[in-house]
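Enquirer: Here is the input, now give the coordinates:
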Amino acid sequence: MTYITRNPKEQLVNALCANGHLEIYRETINDLLDEINAAGATVSCNNVAALNIDPSEDRPSHIRVSMIQVKIPLNIVWNILHEFGHYQDYPRAPEHSTIQREITAWELAEQLVIKYP
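Expert: Below is the predicted model:
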């Protein structure tokens, strides 16, 4: 199914669903992106193997999702949720180790994912 739109969020949803083979999760992805955008963060797809949240000196707010070398399509959604967890975990406590920050991001991702079917 091909969707043509000029709306950037719709284009992102289309790209995630088509390239990520996630069409059955279209409504969930749309709702999740609405929630992320409402919180002040943004998401984009890229064609490099890395995914991250921008390393801004201010509050990092741009989540970049890799669309290549994805073996399990649903991992794209998990990656978005995890990086959004990093966004929510701001400001980072200086005493938290890298491991603690990763654990916190996953815990925040889990709290969000239970809202969606």
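
Enquirer: how far away is the residue most central in space within the chain from Trp106?
Expert: Closest to where the C-alpha atoms of the chain average out (C-alpha atoms, centre = their mean) is Ile80, at 1.9 Å. In this view, Ile80 and Trp106 are 13 Å apart by C-beta to C-beta, to the nearest Å. C-betas here are computed from N, CA, C, even on glycine.

Enquirer: The residue nearest to the centre of the chain falls within a helix, correct?
Expert: Yes. Assessed with DSSP: H, G, I helix; E, B strand; the rest coil, Ile80 lies in a helix.

Enquirer: That one against Val43, yeah?
Expert: Yes. With contacts counted by C-beta atoms under 8 Å, Ile80 reaches Val43, the gap being 6.1 Å.

Enquirer: Find residues that contact each of those two.
Expert: The contact sets of Ile80 and Val43 overlap at 36, 63, 65 (C-beta atoms under 8 Å, 6 or more residues apart in numbering).

Enquirer: Please list all residues in contact with the second one.
Expert: This means Ile63. Taking C-beta under 8 Å, 6+ apart, we find Ile63 in contact with 36, 41-44, 51-54, 80, 83-84, 87.

Enquirer: Now tabulate the residues you listed in TSV and tack on secondary structure.
Expert: Compiled in TSV, the contacts of Ile63 are given as follows (three-state DSSP):
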residue	secondary structure
Ile36	helix
Ala41	coil
Thr42	strand
Val43	strand
Ser44	strand
Leu51	coil
Asn52	strand
Ile53	strand
Asp54	coil
Ile80	helix
Glu83	helix
Phe84	helix
Tyr87	helix
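
Enquirer: Now, of these, which are buried?
Expert: 36, 41-43, 51, 53, 80, 83-84, 87 (16 or more other C-beta atoms under 10 Å).
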